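Q: Sequence unavailable; structure follows:
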């Protein structure tokens, strides 16, 4: 029986720039995102906890990519579920390499005000109903809630 390989990446972070949308020669939309994800580490010299940022390039294909380009803006928090994709190319300076994340899904986190969409209604890719709005029409908040880890 052959071993099963797993290539899965799940990240939450904030967009470090506005999404960039382009089309492949086939007409398929590709949205490129860049997110920053902080890791917390204890500084051995000071004993203080410090954030160390990590940056990831994300590619979102098709209609989901078009939605990302339309509704996301720099600073918006997202959750990415996808797979790692290694690529290499030659330049005058030599061989270059990069690892991208090919998104299978992108969840928009936070409120509509965070989206930069000027109050426009946006649709989560999993359900055809507006997300980010409470039953009373207000945006959800996490103030006063503790993170369990």
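A: Yes, it's here. Quantities reported herein were computed from a predicted structural model and do not represent experimental measurements.

Q: these two touch, right, residue 51 and residue 37?
A: No. With contacts counted by C-beta atoms under 8 Å, residue 51 stays clear of residue 37, the gap being 9.9 Å. (Glycine included, C-beta is placed from N, CA and C.)

Q: These two: which is more packed in?
A: residue 37 (15 against 10; other C-beta atoms under 10 Å).

Q: low pLDDT regions in this structure?
A: 1-2, 112-149 (pLDDT under 70).

Q: now do 50
A: 117-145, 147-149 (pLDDT under 50).

Q: Quick check: next helix or strand after the longest helix along it?
A: Once the chain is assigned using DSSP state H, the helix that runs over the most residues is helix 62-71. Per DSSP states H and E, the first helix or strand lying C-terminal to helix 62-71 is strand 77-91.

Q: Can you spell out which helices and strands pack onto the next helix-or-strand element following that following strand?
A: As assigned by DSSP H and E, the chain's next helix or strand after strand 77-91 is strand 94-108. Counting contacts by 3 or more C-beta pairs under 8 Å, 6 or more residues apart in numbering; DSSP states H and E, strand 94-108 packs against strand 49-61, helix 62-71, strand 77-91.

Q: what about 10 Å?
A: strand 9-15, strand 29-42, strand 49-61, helix 62-71, strand 77-91 (3 or more C-beta pairs under 10 Å, 6 or more residues apart in numbering; DSSP states H and E).

Q: what angle sits between it and strand 29-42?
A: 90 degrees (axes from the mean of the first three to the mean of the last three C-alpha atoms, to 10 degrees).

Q: List the buried residues of strand 94-108.
A: By 16 or more other C-beta atoms under 10 Å, the buried positions in strand 94-108 come out as 100, 101, 103, 106, 108.

Q: May I have the beta-bridge partners of the second one?
A: With DSSP bridges applied, the residues forming beta bridges to residue 101 are residue 58, residue 84.
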